[in-house]
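A.B. asks: coords please:
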Amino acid sequence: MVLARSFGSLRSLSLCAAAVGVLAACSAGSATTVPARTTIHPGSGSGSSPISHVVLIVQENRTFNNLFAQFPGATGTVVGKGRQGKGKHAKTISIPLTEVNLEDKLSLNHLYVSYLTAYDGGKMDGFNQIIFQTTGKMEKSKPYEYVNPNQIAPYWTMATTYGLANAMFQTQGSGSFTAHQDLIRGGTALDGMYGSSSSLIDDPTSSKIWGCDAAAGTATSLITLTLQDQHGTGPFPCSNDFPYGSSSYQTLRDVMDGKSPPVSWKYYVPKLVTNQPGALWNAFDVIAPVRYGPEWGTNVNWPETNIFNDISNGNLAAVSWVIPDAANSDHPGYGSDTGPSWVASVVDAIGQSSYWDSTAIIVVWDDWGGFYDPVAPPPADDQGGPGFRVPMIVISPYARETSSSQTGYVSNTVYGFGSIIAFIEETFDLGSLQTTDQRCNSMDDMFDFNQTPRGFTVIPSKYSKSYFLHQKPSGLPVDTE
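C.D. replies: Numbering: from 1, shown residues only. As a prediction, this is how the structure comes out:
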């Protein structure tokens, strides 16, 4: 059964509900024209917002329902839909979800083809027919799981105390390579190549590093208006090799560096290890001016635990991305339960510092990871999205309060990753990258900048900050999909 309120009550701003339908505006492509985003509050560049630090903590591979199936006031289910049979003889069946521990030892297929299978034209009943990449057999009941809330208590505490987005959708129905690009620029569109609406999707062909450090001959995969998921037909995964070079593939880094004075930023990430599969979580390894410039090793900063030193020493940048070690990422397949404590440690460090009063912390999971979710994304675009629902928690003294002491604010506004990009742009008066930031709803619904700033209470967790400061790097590949 579906718990709490019906998803039909979710609201969207009219600018994202143009004739093409709700959240079609959060697509990566340029084929659909929609009104420009309306800025509800001016950014701190105009001196009107109390936020001067945004920290984006990026975890891995979970749908909303996988982590918050039974969260009070949110839309979740413990009974999913599956498909039995094929073609005109296919029928929808019910599949009970299994409650599991966070330490899942199996990584599911979550590439674009599996997204299409699960989506099934909006029926959301094909998850049981996704094919394992390793065995070629159907995954059957495996995607139908939700995590025992006791295993992820810090996440539930954050959501109960502050704010939880009930309708955050991934930009594309794909994996971590494109998702991490979306979180620094709002989409992966490549202007002027293979038509105006081509975008990167899925993985490059390299079996090792996937950015500018990839092996010669590595190619990206593309999705276009007419050609779906063309594996290995795109350019080398480095922005200098994209059509018109780096200047047409801008990120938040470009508009922050171009501001006068510049807006400071850091991207905390595990050290790039060149002999392991997948180092795709370092999104800026794709951005040639960063990879081959002075910001590599400075603004792009490793190890990821350096954020603790910067908080303690008063060096927190205006905008920070925090990318975990694989073992602390919530990524299925690593048998680790440390992810919630890792996030809590970063949140606690900020909450107990002088930065608390001026900070918005956004915790988001980069992609769906192959897990079941009952909510169909908004109408499909021609760029592989919008993808499935993923969790997003907002922690801040200005996170919108509710009258209830039992639960935090559950936002039913429809968001995409472009909403996060837009929030950063608004906060620091950066203008627009003209990607999904222009089309997705603003995150203003999750904040109340007129309320009395909230004090901070430590988030209890199983592992302490000291644990992570002394933890040896796992040496695990950050991802393989």
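
A.B. asks: in the protein, which helix is the longest?
C.D. replies: Counting residues, the longest helix found in the chain (DSSP state H) is helix 339-351.

A.B. asks: next structured bit after that helix?
C.D. replies: Scanning forward in sequence from helix 339-351 by DSSP states H and E, the next helix or strand is strand 359-365.

A.B. asks: residues contacting that next one, please?
C.D. replies: Residues outside strand 359-365 that contact it (C-beta atoms under 8 Å, 6 or more residues apart in numbering): 51-62, 67, 155, 158, 168, 183, 316, 330, 343, 346-347, 350, 390-399, 417, 420, 423, 427, 447. For every residue, glycine as well, the C-beta is placed using N, CA and C.

A.B. asks: the helix or strand following it pairs with which strands?
C.D. replies: Later in the chain than strand 359-365, the nearest helix or strand by DSSP H and E is strand 392-395. Strand 392-395 has these partner strands in its sheet, going by DSSP bridges: strand 163-165 (antiparallel), strand 359-365 (antiparallel).

A.B. asks: now the shortest one: mean pLDDT?
C.D. replies: For strand 163-165, the per-residue pLDDT values average out at 98.

A.B. asks: next helix or strand past that strand?
C.D. replies: Per DSSP H and E, strand 163-165 leads on to strand 168-169 as the next helix or strand towards the C-terminus.

A.B. asks: return the distance of that next one from the chain's centre.
C.D. replies: 8 Å (C-alpha atoms, centre = their mean, to the nearest Å).

A.B. asks: check which helices and strands that strand is in contact with.
C.D. replies: strand 415-416 (3 or more C-beta pairs under 8 Å, 6 or more residues apart in numbering; DSSP states H and E).

A.B. asks: if you set the cut-off to 10 Å instead, what comes out?
C.D. replies: With contacts taken as 3 or more C-beta pairs under 10 Å, 6 or more residues apart in numbering; DSSP states H and E, strand 168-169 sits against strand 392-395, strand 415-416, helix 417-427.

A.B. asks: can you give me the end-to-end distance of stretch 187-204?
C.D. replies: End-to-end span of stretch 187-204 (C-alpha to C-alpha, to the nearest Å): 16 Å.

A.B. asks: span of stretch 332-348 from start to end?
C.D. replies: Taking C-alpha to C-alpha, stretch 332-348 runs 25 Å from one end to the other.

A.B. asks: swap in stretch 309-320?
C.D. replies: Taking C-alpha to C-alpha, stretch 309-320 runs 13 Å from one end to the other.

A.B. asks: state the mean pLDDT of it.
C.D. replies: Average pLDDT, stretch 309-320: 98.

A.B. asks: same question for stretch 343-361.
C.D. replies: Rounded mean pLDDT across stretch 343-361 is 98.

A.B. asks: any idea how far apart the tips of that stretch sit?
C.D. replies: Note: stretch 343-361 ends 10 Å apart using C-alpha to C-alpha.

A.B. asks: on that earlier part again, would you mind finding the most buried of the helices and strands packed on strand 168-169?
C.D. replies: strand 415-416 (a mean of 31; mean count of other C-beta atoms under 10 Å).

A.B. asks: that strand packs against which elements?
C.D. replies: Checking 3+ C-beta pairs under 10 Å, 6+ apart, strand 415-416 ends up next to strand 168-169, helix 417-427.

A.B. asks: format the ones you listed as JSON lines; extra columns: distance to Gly258 and mean pLDDT.
C.D. replies: Below are the helices and strands packed on strand 415-416 laid out as JSON lines (distance: least, C-beta to C-beta, whole Å; pLDDT from 0 to 100):
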{"stretch": "strand 168-169", "distance to Gly258": "28", "mean pLDDT": "98"}
{"stretch": "helix 417-427", "distance to Gly258": "12", "mean pLDDT": "97"}
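
A.B. asks: redo those as JSON lines? Include distance to Gln230.
C.D. replies: Converted to JSON lines, the helices and strands packed on strand 415-416 look like this (distance: least, C-beta to C-beta, whole Å):
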{"stretch": "strand 168-169", "distance to Gln230": "24"}
{"stretch": "helix 417-427", "distance to Gln230": "23"}
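
A.B. asks: of all these, which lies closest to Leu97?
C.D. replies: Of all the helices and strands packed on strand 415-416, it is strand 168-169 that lies closest to Leu97, at 20.2 Å by C-beta to C-beta.

A.B. asks: which strands or helices does the helix or strand following that closest one pack on?
C.D. replies: Going down the chain from strand 168-169, the next helix or strand is helix 176-185, by DSSP H and E. Counting by 3+ C-beta pairs under 10 Å, 6+ apart, the packing neighbours recorded for helix 176-185 are strand 53-59, strand 199-201, strand 221-223, helix 252-258, strand 319-322, strand 359-365, helix 417-427.

A.B. asks: moving C-terminal of the last one, what's the next helix or strand?
C.D. replies: Going back to what we said before, that points to helix 417-427. Note on helix 417-427: by DSSP H and E, the next helix or strand toward the C-terminus is helix 465-470.

A.B. asks: touching that next one from outside, list them.
C.D. replies: 303-305, 308-309, 324-325, 327-328, 338, 341-342, 344-346, 348-349, 461, 464 (C-beta atoms under 10 Å, 6 or more residues apart in numbering).
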